[in-house]
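1. When you get a sec, could you give me coordinates for this:
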Amino acid sequence: MADISTPSPKPQDNKLLDPTPVLNTVQTTLDKFLTAANVEAVYGPPVEQGENLVIPAAEILSVAGFGLGLGGGSQTATEAENTDSSGGGGGGGGGGRVLARPVAVIIMSPAGVRVEPIVDVTKIVLAVFTTLGFMVTMITRMTRRRPKLDD
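-> Numbers count the residues shown, from 1 in each chain. Reported below is the predicted structural model:
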C-alpha cells in the first residue's frame, strides 16, 4: 500500500498592518489645522496711535477631511502553495483649508471702547447681482407661455 501524504500549507503571517504611522500623520496634520484657530490668529497685535489703541479682529475657518483604509488577505491551502504573498495593504488621504478674513477693529480711546466692523462692499455688490439674476431668471421662466398639447 502506497503512503500518500498531503503537503502542509506554508505558515502565513497573520499580522495586521500597523495603523500607528498613519494615525500619527493625521494627528500632526490636525494639530497644524487647530493652531490656526488660536487667539493670536483671531486678534492681531495691537497698534498704538497716540492715545488710541487699535486691535484687529479676524474670523478663522479651518476645514479638514481625512480617509484611511487598511486591507488584509487570506489564502486557502492550495493558494498558499502556489504563491509567496500573504496580502495586505493600506492607504490614506486628506486635505483641508484654512480661511481667514478681517471682520472688525476694536478701538480703545480715552472716550471709550468701540468696535468698528469691516464691510466688504465687493461681496455685498456680488450678492445683490446674484439675487437679481436669480429673480429675473425665475420671473422669466414663470411668465413664459407654454405650448398647449392637443389631444
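2. How far away from the center of its chain is the lengthiest helix in the chain?
-> Taking DSSP state H as the criterion, the chain has its longest helix at helix 121-143. On the basis of C-alpha atoms, centre = their mean, to the nearest Å, helix 121-143 sits 30 Å off its chain's mean C-alpha point.
3. Same question for stretch 106-113.
-> Between the centre of stretch 106-113 and the centre of its chain there are 38 Å (C-alpha atoms, centre = their mean).
4. Then stretch 107-119?
-> Its chain's C-alpha centre and that of stretch 107-119 lie 35 Å apart, by C-alpha atoms, centre = their mean.
5. Give the rounded mean pLDDT of that stretch.
-> The average pLDDT within stretch 107-119 is 93.
6. In contact with the nearest residue to residue 29 once chain neighbours are set aside: list those residues for me.
-> Distances taken as C-beta to C-beta, 6 or more residues apart in numbering put residue 94 closest to residue 29, at 6.4 Å, once the chain neighbours are dropped. C-beta here means a position set from N, CA and C on the backbone, and glycine is covered the same way. Residue 94 sits next to 26, 29, 64, 65, 66, 67 when contact means C-beta atoms under 8 Å, 6 or more residues apart in numbering.
7. Okay, residue 94 and residue 27: tell me how far apart.
-> 12 Å (C-beta to C-beta, to the nearest Å).
8. Kindly report the same for residue 69.
-> Taken as C-beta to C-beta, the span from residue 69 to residue 27 is 17 Å.
9. Many thanks, I have nothing further to ask.
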